[in-house]
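Undergrad: take a look and give me a structure for this.
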Amino acid sequence: MNVEQILEKLIAFPVLGGESNLEIIHWIKSYIEKHGIKPTLVPNKTNTKASLHCRIGPEIDGGTILSGHTDVVPVKGQNWDTDPFKLTDKGDGKLYGRGTCDMKGFLACCLAALPAMTKTNLKTPIYLAFSYDEEIGCLAAPELIKHIQSTYSEKPKYAIIGEPSMLQPIIGQKSMHILDITVNGSAGHSSRIKQEVSAVHEAAKLVLWAEQKMTDLIASGNIDNRFNPPHSSLHIGKISGGIAANIIADKATLSMDIRTIPQDNSFNIFQDFITHCKNRENALRTIYPDFEIKIKENHPIVPALNTNTHTEIVSLIAKLTGSQKWSTVSYASEAGQFAQAGFQSIICGPGSIKQAHRANEFITKKQLQKGVAMIQSLINHSKISN
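TA: Numbering: from 1, shown residues only. Sure thing, here's the model as predicted:
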(Lines give C-alpha, C1' and ligand atoms only; values in the text may rest on other atoms or scores of the structure.)
Protein backbone atom coordinates (compact mmCIF):
# COMPACT_ATOMS: atom_id res chain seq x y z
CA MET A 1 0.00 0.00 0.00
CA ASN A 2 1.23 3.49 -0.77
CA VAL A 3 0.98 6.41 1.62
CA GLU A 4 -2.30 7.75 0.20
CA GLN A 5 -3.96 4.35 0.40
CA ILE A 6 -2.86 3.97 4.02
CA LEU A 7 -4.09 7.46 4.86
CA GLU A 8 -7.44 6.61 3.30
CA LYS A 9 -7.74 3.65 5.65
CA LEU A 10 -6.75 5.66 8.73
CA ILE A 11 -9.15 8.53 7.99
CA ALA A 12 -12.05 6.07 7.83
CA PHE A 13 -11.70 5.36 11.56
CA PRO A 14 -13.63 8.22 13.28
CA VAL A 15 -11.81 7.96 16.60
CA LEU A 16 -12.32 11.11 18.66
CA GLY A 17 -10.27 11.91 21.74
CA GLY A 18 -11.78 10.08 24.70
CA GLU A 19 -13.33 7.33 22.58
CA SER A 20 -12.17 3.76 22.04
CA ASN A 21 -9.42 3.50 19.44
CA LEU A 22 -9.25 -0.28 19.36
CA GLU A 23 -10.51 -0.57 15.79
CA ILE A 24 -7.82 1.67 14.31
CA ILE A 25 -5.03 0.39 16.56
CA HIS A 26 -5.79 -3.24 15.66
CA TRP A 27 -5.78 -2.34 11.95
CA ILE A 28 -2.36 -0.73 12.41
CA LYS A 29 -1.17 -3.74 14.42
CA SER A 30 -2.29 -6.13 11.69
CA TYR A 31 -0.58 -4.03 9.00
CA ILE A 32 2.70 -4.02 10.94
CA GLU A 33 2.51 -7.76 11.57
CA LYS A 34 2.16 -8.42 7.84
CA HIS A 35 5.65 -6.96 7.48
CA GLY A 36 7.16 -9.37 9.99
CA ILE A 37 7.22 -7.05 13.02
CA LYS A 38 5.40 -7.92 16.26
CA PRO A 39 3.96 -4.78 17.90
CA THR A 40 3.15 -4.47 21.59
CA LEU A 41 -0.16 -3.00 22.74
CA VAL A 42 -0.39 -0.90 25.89
CA PRO A 43 -4.08 -0.97 26.94
CA ASN A 44 -5.81 1.35 29.34
CA LYS A 45 -7.23 -0.01 32.61
CA THR A 46 -10.61 -0.85 31.07
CA ASN A 47 -9.18 -2.36 27.88
CA THR A 48 -11.21 0.06 25.75
CA LYS A 49 -8.17 1.86 24.31
CA ALA A 50 -4.58 1.01 23.55
CA SER A 51 -1.31 2.53 22.49
CA LEU A 52 1.15 0.61 20.32
CA HIS A 53 4.89 0.40 20.02
CA CYS A 54 7.36 -1.75 18.12
CA ARG A 55 11.03 -1.90 17.23
CA ILE A 56 12.48 -2.37 13.76
CA GLY A 57 16.15 -3.21 13.79
CA PRO A 58 18.75 -4.41 16.30
CA GLU A 59 18.74 -4.28 20.11
CA ILE A 60 21.25 -1.45 20.20
CA ASP A 61 21.26 1.85 22.07
CA GLY A 62 20.81 5.06 20.12
CA GLY A 63 17.63 4.41 18.14
CA THR A 64 14.92 6.84 17.06
CA ILE A 65 11.26 6.82 18.09
CA LEU A 66 8.65 8.02 15.59
CA SER A 67 5.70 9.15 17.67
CA GLY A 68 2.11 9.98 16.74
CA HIS A 69 -1.46 9.79 18.04
CA THR A 70 -4.48 7.94 16.63
CA ASP A 71 -7.28 10.22 17.86
CA VAL A 72 -8.73 13.35 16.26
CA VAL A 73 -10.91 16.28 17.33
CA PRO A 74 -14.70 16.42 16.72
CA VAL A 75 -16.32 17.70 13.53
CA LYS A 76 -19.72 18.52 15.06
CA GLY A 77 -20.82 22.07 14.28
CA GLN A 78 -18.24 22.53 11.54
CA ASN A 79 -19.25 23.22 7.95
CA TRP A 80 -17.50 20.53 5.93
CA ASP A 81 -17.77 20.38 2.14
CA THR A 82 -16.98 16.65 2.16
CA ASP A 83 -17.43 13.65 4.42
CA PRO A 84 -14.74 14.31 7.06
CA PHE A 85 -14.14 10.60 7.59
CA LYS A 86 -13.67 9.75 3.94
CA LEU A 87 -10.41 10.80 2.31
CA THR A 88 -11.34 13.10 -0.57
CA ASP A 89 -9.17 14.06 -3.52
CA LYS A 90 -10.60 17.08 -5.35
CA GLY A 91 -7.81 17.14 -7.88
CA ASP A 92 -6.25 20.28 -6.40
CA GLY A 93 -3.20 18.57 -4.93
CA LYS A 94 -4.82 18.30 -1.49
CA LEU A 95 -6.31 15.38 0.43
CA TYR A 96 -9.25 16.33 2.64
CA GLY A 97 -10.46 14.64 5.82
CA ARG A 98 -10.37 14.88 9.59
CA GLY A 99 -6.89 14.01 10.76
CA THR A 100 -5.17 14.31 7.40
CA CYS A 101 -2.64 16.72 8.87
CA ASP A 102 -3.28 16.23 12.61
CA MET A 103 -1.87 13.68 12.55
CA LYS A 104 -2.82 10.59 10.61
CA GLY A 105 -0.76 11.94 7.72
CA PHE A 106 2.37 11.29 9.76
CA LEU A 107 1.15 7.85 10.82
CA ALA A 108 0.57 7.03 7.15
CA CYS A 109 4.11 8.16 6.31
CA CYS A 110 5.55 5.90 9.02
CA LEU A 111 3.53 2.90 7.85
CA ALA A 112 4.30 3.52 4.18
CA ALA A 113 8.01 3.53 5.02
CA LEU A 114 7.77 0.37 7.14
CA PRO A 115 8.56 -2.07 4.28
CA ALA A 116 11.79 -0.18 3.58
CA MET A 117 12.69 -0.28 7.29
CA THR A 118 12.26 -4.05 7.46
CA LYS A 119 14.32 -4.64 4.31
CA THR A 120 17.20 -2.44 5.42
CA ASN A 121 20.12 -3.65 7.51
CA LEU A 122 19.84 -1.05 10.28
CA LYS A 123 22.75 -0.29 12.61
CA THR A 124 20.44 1.51 15.04
CA PRO A 125 16.76 0.71 15.51
CA ILE A 126 13.69 2.69 14.57
CA TYR A 127 10.63 2.52 16.82
CA LEU A 128 6.99 3.30 16.12
CA ALA A 129 4.99 4.65 19.08
CA PHE A 130 1.31 5.47 18.51
CA SER A 131 -0.92 6.71 21.35
CA TYR A 132 -4.56 7.52 22.12
CA ASP A 133 -6.27 10.51 23.80
CA GLU A 134 -3.64 13.06 22.79
CA GLU A 135 -6.36 15.51 21.78
CA ILE A 136 -7.85 15.62 25.28
CA GLY A 137 -4.64 16.22 27.18
CA CYS A 138 -1.84 13.90 26.01
CA LEU A 139 -3.18 11.33 28.46
CA ALA A 140 -1.72 8.08 27.12
CA ALA A 141 1.85 9.12 26.32
CA PRO A 142 3.31 8.80 29.85
CA GLU A 143 2.22 5.16 30.15
CA LEU A 144 3.37 4.43 26.59
CA ILE A 145 6.79 5.93 27.31
CA LYS A 146 7.17 3.91 30.53
CA HIS A 147 6.25 0.76 28.66
CA ILE A 148 8.84 1.44 25.96
CA GLN A 149 11.49 2.00 28.63
CA SER A 150 10.63 -1.24 30.44
CA THR A 151 10.18 -3.42 27.34
CA TYR A 152 13.48 -2.91 25.54
CA SER A 153 16.86 -3.69 27.07
CA GLU A 154 18.47 -1.04 24.88
CA LYS A 155 17.81 2.70 25.20
CA PRO A 156 16.35 4.75 22.34
CA LYS A 157 18.05 8.13 22.10
CA TYR A 158 15.82 10.32 19.93
CA ALA A 159 12.10 10.98 19.60
CA ILE A 160 10.53 12.66 16.57
CA ILE A 161 6.94 13.69 17.25
CA GLY A 162 5.21 14.10 13.90
CA GLU A 163 2.79 16.92 14.65
CA PRO A 164 2.15 19.06 11.56
CA SER A 165 4.98 21.57 11.17
CA MET A 166 5.42 21.65 7.37
CA LEU A 167 8.47 19.49 8.18
CA GLN A 168 10.14 22.44 9.87
CA PRO A 169 11.87 21.34 13.09
CA ILE A 170 10.20 22.57 16.28
CA ILE A 171 12.52 22.67 19.31
CA GLY A 172 10.22 24.29 21.87
CA GLN A 173 6.62 24.18 23.04
CA LYS A 174 4.75 25.64 25.99
CA SER A 175 3.38 23.49 28.77
CA MET A 176 -0.38 23.14 29.18
CA HIS A 177 -2.57 22.78 32.26
CA ILE A 178 -6.36 23.07 32.28
CA LEU A 179 -8.37 23.51 35.48
CA ASP A 180 -12.11 23.21 36.03
CA ILE A 181 -13.18 25.31 39.01
CA THR A 182 -16.43 25.33 40.94
CA VAL A 183 -17.25 28.07 43.45
CA ASN A 184 -19.88 27.25 46.07
CA GLY A 185 -21.38 30.33 47.69
CA SER A 186 -24.62 31.18 49.50
CA ALA A 187 -27.89 32.05 47.79
CA GLY A 188 -29.89 35.05 48.94
CA HIS A 189 -31.55 38.33 48.04
CA SER A 190 -29.30 40.63 46.07
CA SER A 191 -29.75 43.38 48.70
CA ARG A 192 -27.78 41.15 51.09
CA ILE A 193 -24.66 41.01 48.94
CA LYS A 194 -22.44 41.89 51.92
CA GLN A 195 -24.12 39.39 54.22
CA GLU A 196 -23.81 36.48 51.79
CA VAL A 197 -21.02 35.14 49.55
CA SER A 198 -21.73 35.44 45.85
CA ALA A 199 -20.20 32.60 43.83
CA VAL A 200 -20.28 34.80 40.73
CA HIS A 201 -18.41 37.63 42.44
CA GLU A 202 -15.79 35.23 43.75
CA ALA A 203 -15.43 33.59 40.33
CA ALA A 204 -14.84 37.05 38.85
CA LYS A 205 -12.09 37.64 41.40
CA LEU A 206 -10.42 34.40 40.29
CA VAL A 207 -10.42 35.76 36.74
CA LEU A 208 -8.69 38.88 38.03
CA TRP A 209 -6.18 36.73 39.92
CA ALA A 210 -5.29 34.91 36.70
CA GLU A 211 -4.90 38.19 34.83
CA GLN A 212 -2.70 39.64 37.60
CA LYS A 213 -0.58 36.49 37.82
CA MET A 214 0.12 36.69 34.10
CA THR A 215 1.02 40.38 34.44
CA ASP A 216 3.34 39.62 37.36
CA LEU A 217 5.16 36.91 35.42
CA ILE A 218 5.73 39.30 32.54
CA ALA A 219 6.87 42.08 34.90
CA SER A 220 9.37 39.75 36.54
CA GLY A 221 11.16 39.47 33.20
CA ASN A 222 10.04 35.96 32.34
CA ILE A 223 10.09 36.48 28.58
CA ASP A 224 11.04 34.06 25.81
CA ASN A 225 10.94 35.78 22.44
CA ARG A 226 11.01 32.46 20.62
CA PHE A 227 7.28 32.15 21.39
CA ASN A 228 4.22 34.17 20.40
CA PRO A 229 3.13 35.48 22.83
CA PRO A 230 6.60 35.52 24.41
CA HIS A 231 5.34 34.85 27.94
CA SER A 232 3.28 32.41 29.94
CA SER A 233 -0.47 32.87 29.64
CA LEU A 234 -3.39 32.31 32.00
CA HIS A 235 -6.76 32.37 30.31
CA ILE A 236 -10.36 31.83 31.44
CA GLY A 237 -12.19 30.20 28.55
CA LYS A 238 -15.52 29.46 30.20
CA ILE A 239 -17.50 30.99 33.06
CA SER A 240 -21.10 30.58 34.13
CA GLY A 241 -23.30 31.00 37.17
CA GLY A 242 -26.37 32.62 38.66
CA ILE A 243 -30.05 32.53 37.73
CA ALA A 244 -31.28 36.13 38.08
CA ALA A 245 -29.99 39.64 38.64
CA ASN A 246 -31.68 39.93 42.03
CA ILE A 247 -30.53 36.55 43.37
CA ILE A 248 -27.08 36.06 44.88
CA ALA A 249 -25.52 33.12 43.03
CA ASP A 250 -24.70 30.08 45.12
CA LYS A 251 -22.70 28.39 42.37
CA ALA A 252 -20.39 29.41 39.54
CA THR A 253 -18.04 27.44 37.32
CA LEU A 254 -15.07 28.45 35.22
CA SER A 255 -12.26 26.82 33.27
CA MET A 256 -8.69 28.09 33.28
CA ASP A 257 -6.06 27.36 30.63
CA ILE A 258 -2.44 27.82 31.75
CA ARG A 259 0.36 27.69 29.15
CA THR A 260 3.87 28.39 30.33
CA ILE A 261 7.15 29.05 28.59
CA PRO A 262 9.90 26.55 29.53
CA GLN A 263 11.46 29.02 31.98
CA ASP A 264 8.33 29.15 34.15
CA ASN A 265 7.21 26.34 36.44
CA SER A 266 3.64 25.23 35.78
CA PHE A 267 3.40 23.34 39.05
CA ASN A 268 4.45 26.39 41.08
CA ILE A 269 1.80 28.51 39.36
CA PHE A 270 -0.77 25.83 40.16
CA GLN A 271 0.30 25.79 43.80
CA ASP A 272 0.07 29.60 43.97
CA PHE A 273 -3.50 29.36 42.70
CA ILE A 274 -4.39 26.68 45.26
CA THR A 275 -2.94 28.85 48.03
CA HIS A 276 -4.93 31.86 46.85
CA CYS A 277 -8.15 29.83 46.82
CA LYS A 278 -7.49 28.50 50.33
CA ASN A 279 -6.93 32.04 51.56
CA ARG A 280 -10.25 33.14 50.04
CA GLU A 281 -12.01 30.20 51.69
CA ASN A 282 -10.56 31.07 55.09
CA ALA A 283 -11.51 34.72 54.73
CA LEU A 284 -15.10 34.14 53.60
CA ARG A 285 -16.05 31.24 55.84
CA THR A 286 -16.52 33.80 58.60
CA ILE A 287 -19.52 34.95 56.55
CA TYR A 288 -20.62 31.60 55.09
CA PRO A 289 -19.05 28.50 56.72
CA ASP A 290 -19.69 26.28 53.70
CA PHE A 291 -17.97 28.53 51.18
CA GLU A 292 -15.68 26.43 48.98
CA ILE A 293 -13.59 26.64 45.82
CA LYS A 294 -13.20 23.23 44.22
CA ILE A 295 -10.35 22.76 41.74
CA LYS A 296 -10.29 19.80 39.37
CA GLU A 297 -7.40 19.18 37.01
CA ASN A 298 -8.96 18.60 33.61
CA HIS A 299 -5.79 16.63 32.87
CA PRO A 300 -2.28 16.52 34.33
CA ILE A 301 0.28 19.12 33.35
CA VAL A 302 1.65 18.52 29.85
CA PRO A 303 5.30 19.57 30.20
CA ALA A 304 7.04 22.10 27.99
CA LEU A 305 9.63 21.21 25.36
CA ASN A 306 12.94 23.06 25.39
CA THR A 307 15.44 21.25 23.17
CA ASN A 308 18.83 22.94 22.99
CA THR A 309 19.91 23.86 19.48
CA HIS A 310 23.27 22.16 20.09
CA THR A 311 21.81 18.71 20.83
CA GLU A 312 22.33 15.89 18.37
CA ILE A 313 18.62 15.58 17.52
CA VAL A 314 18.70 19.09 16.02
CA SER A 315 21.63 18.18 13.79
CA LEU A 316 19.95 14.89 12.88
CA ILE A 317 16.63 16.45 11.87
CA ALA A 318 18.48 19.05 9.80
CA LYS A 319 20.09 16.20 7.85
CA LEU A 320 16.78 14.40 7.44
CA THR A 321 14.77 17.42 6.27
CA GLY A 322 17.45 19.59 4.69
CA SER A 323 16.20 22.49 6.83
CA GLN A 324 18.65 24.45 8.97
CA LYS A 325 15.88 26.55 10.47
CA TRP A 326 13.94 25.76 13.63
CA SER A 327 10.94 27.24 15.39
CA THR A 328 8.77 27.01 18.52
CA VAL A 329 5.02 26.62 19.08
CA SER A 330 2.58 27.68 21.77
CA TYR A 331 0.46 24.54 21.57
CA ALA A 332 1.21 21.43 23.64
CA SER A 333 2.08 17.96 22.35
CA GLU A 334 3.56 14.70 23.54
CA ALA A 335 7.05 16.01 22.73
CA GLY A 336 7.44 17.50 26.19
CA GLN A 337 6.58 14.14 27.76
CA PHE A 338 9.19 12.31 25.69
CA ALA A 339 11.77 14.97 26.56
CA GLN A 340 10.91 14.74 30.25
CA ALA A 341 11.53 10.99 30.05
CA GLY A 342 15.08 11.59 28.83
CA PHE A 343 14.78 11.33 25.04
CA GLN A 344 16.23 14.05 22.84
CA SER A 345 12.94 15.23 21.34
CA ILE A 346 11.77 17.39 18.49
CA ILE A 347 8.52 18.06 16.64
CA CYS A 348 8.60 17.58 12.89
CA GLY A 349 5.83 16.31 10.65
CA PRO A 350 4.03 16.89 7.36
CA GLY A 351 1.12 19.28 6.95
CA SER A 352 0.31 22.69 8.42
CA ILE A 353 -0.99 23.31 11.93
CA LYS A 354 -3.12 26.05 10.32
CA GLN A 355 -5.31 23.28 8.89
CA ALA A 356 -5.71 21.39 12.16
CA HIS A 357 -8.99 21.34 14.12
CA ARG A 358 -10.97 23.13 11.41
CA ALA A 359 -13.51 22.27 8.73
CA ASN A 360 -12.11 20.95 5.44
CA GLU A 361 -8.82 19.94 7.05
CA PHE A 362 -6.32 18.83 4.45
CA ILE A 363 -2.75 17.82 3.75
CA THR A 364 -1.10 18.39 0.41
CA LYS A 365 0.12 15.39 -1.55
CA LYS A 366 3.50 17.09 -1.76
CA GLN A 367 3.79 17.32 2.02
CA LEU A 368 2.76 13.69 2.38
CA GLN A 369 5.48 12.59 -0.02
CA LYS A 370 8.02 14.78 1.77
CA GLY A 371 7.02 13.13 5.03
CA VAL A 372 7.79 9.71 3.56
CA ALA A 373 11.06 11.08 2.20
CA MET A 374 12.07 12.32 5.68
CA ILE A 375 11.54 8.86 7.14
CA GLN A 376 13.40 7.29 4.24
CA SER A 377 16.28 9.64 5.05
CA LEU A 378 16.16 8.38 8.63
CA ILE A 379 16.33 4.80 7.34
CA ASN A 380 19.35 5.68 5.21
CA HIS A 381 20.99 7.44 8.16
CA SER A 382 20.37 4.43 10.41
CA LYS A 383 21.53 1.70 8.04
CA ILE A 384 24.84 -0.11 7.98
CA SER A 385 27.04 1.25 5.20
CA ASN A 386 28.03 -1.22 2.51
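
Undergrad: please, which helix or strand holds the closest residue to residue 299 other than its chain neighbours?
TA: Of all residues beyond its chain neighbours, the one nearest residue 299 is residue 137 (2.9 Å), with distances taken as Cβ to Cβ, 6 or more residues apart in numbering. (Glycine included, C-beta is placed from N, CA and C.) Assessed by DSSP states H and E, residue 137 sits outside every helix and strand.

Undergrad: correct me, but residue 137 touches residue 333?
TA: No - Residue 137 is not in contact with residue 333 according to Cβ atoms under 8 Å; the separation is 11.2 Å.

Undergrad: anything in contact with each of the two?
TA: Counting by Cβ atoms under 8 Å, 6 or more residues apart in numbering, the residues touching both residue 137 and residue 333 are residue 302.

Undergrad: higher neighbour count, those two?
TA: residue 333 (26 against 20; other Cβ atoms under 10 Å).

Undergrad: so that one makes contact with residue 141?
TA: No - with contact taken as Cβ under 8 Å, residue 333 and residue 141 are classed as non-touching, separated by 9.0 Å.

Undergrad: list the residues that are in contact with both of those two.
TA: Here residue 333 and residue 141 share the contacting residues residue 134, scored by Cβ under 8 Å, 6+ apart.

Undergrad: list the helices and strands the biggest strand by length in the chain packs on?
TA: Across the chain, the longest stretch assigned as strand under DSSP state E is strand 292-302. Applying 3 or more Cβ pairs under 8 Å, 6 or more residues apart in numbering; DSSP states H and E, we find strand 292-302 packed against strand 176-184, helix 266-284.

Undergrad: what average pLDDT does the last one get?
TA: Translated: helix 266-284. For helix 266-284, mean pLDDT rounds to 97.

Undergrad: and the pLDDT at the residue nearest to residue 299?
TA: Residue 137 carries a pLDDT score of 93 in this model.

Undergrad: so who does it touch?
TA: With contact taken as Cβ under 8 Å, 6+ apart, residue 137 is in contact with 176, 178, 298-300, 302.

Undergrad: next up, the contacts around residue 8.
TA: residue 87.

Undergrad: show me the domain layout of the chain.
TA: Using automatic domain parsing, the domain parsing of the chain gives 3-173+304-382, 176-302.

Undergrad: most neighbours per residue, which of those?
TA: For the domains of the chain, average neighbour numbers computed from mean count of other Cβ atoms under 10 Å are highest in domain 3-173+304-382, which has a mean of 20.
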